[in-house]
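A.B. asks: Provide a 3D model corresponding to the input given below.
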Amino acid sequence: MILIITLFLLAGLAEIGGGYLIWLWLRDGKPFYYGIAGGVALALYGVIATFQSFPSFGRVYAAYGGVFIILSVLWGWGVDRKTPDTYDLIGAVICLIGVSVMLLPSRG
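C.D. replies: As a prediction, this is how the structure comes out:
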């Protein structure tokens, strides 16, 4: 379970961090190497996800979607200094419940 959670977190940070670097490059006028670093991070995200032990691509990526929502709220809070409001937190909890429903039950 620790490996699964670690892979979700690493992939999430690569995806959000990569997107953020590209955002900074294109929207905030940062140097082009921000975009290159962002592209590399996004490629790593695609690779990291393949290390999950779940057999279904769709289920893994759907679960990543929920994890990414939670990490995005945390990224906004920690990096952009935008404190999440009650609705952000409620939405993140709902996503965490959804991810748990998808991944925790044992299915054949």
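A.B. asks: residues touching Val99, list them.
C.D. replies: By CB atoms under 8 Å, 6 or more residues apart in numbering, the residues touching Val99 are Ala63, Gly66, Val67. From N, CA and C alone the C-beta is placed, and that goes for glycine too.
A.B. asks: how near is Leu26 to Gly35?
C.D. replies: Distance of Leu26 to Gly35, computed by CB to CB, to the nearest Å: 7 Å.
A.B. asks: Would you mind telling me which of these two has more residues around it?
C.D. replies: Regarding Leu26 and Gly35, a neighbour count based on other CB atoms under 10 Å identifies Gly35 as having more, with 17 against 13.
A.B. asks: That one contacts Ile22, doesn't it?
C.D. replies: Yes: judged on CB atoms under 8 Å, Gly35 makes contact with Ile22 at a distance of 5.4 Å.
A.B. asks: Quick check: Gly17 touching Leu44?
C.D. replies: No: assessed by CB under 8 Å, Gly17 is found out of contact with Leu44, at 9.4 Å.
A.B. asks: give me the element Leu89 is part of.
C.D. replies: Secondary-structure element containing Leu89, defined by DSSP states H and E: helix 86-103.
A.B. asks: quick check: mean pLDDT across that helix?
C.D. replies: Averaging pLDDT along helix 86-103 gives 90.
A.B. asks: Tell me how many other residues surround Leu9.
C.D. replies: Residues lying near Leu9 (other CB under 10 Å) number 13.
A.B. asks: what's the answer for Gly19, then?
C.D. replies: Neighbours around Gly19, by other CB under 10 Å: 17.
A.B. asks: Which residues are in contact with it?
C.D. replies: Contacts of Gly19 were listed using CB under 8 Å, 6+ apart, and they are Gly38, Leu42.
A.B. asks: change the start of the numbering to 29 and stick with it
C.D. replies: New numbering, starting at 29: the last item is Gly47.
A.B. asks: List the buried residues of whichever strand or helix holds it.
C.D. replies: Take DSSP H and E as the rule and Gly47 turns out to sit in helix 30-56. With burial defined by 16 or more other CB atoms under 10 Å, the residues of helix 30-56 counted as buried are 35-36, 39-50, 52-53.
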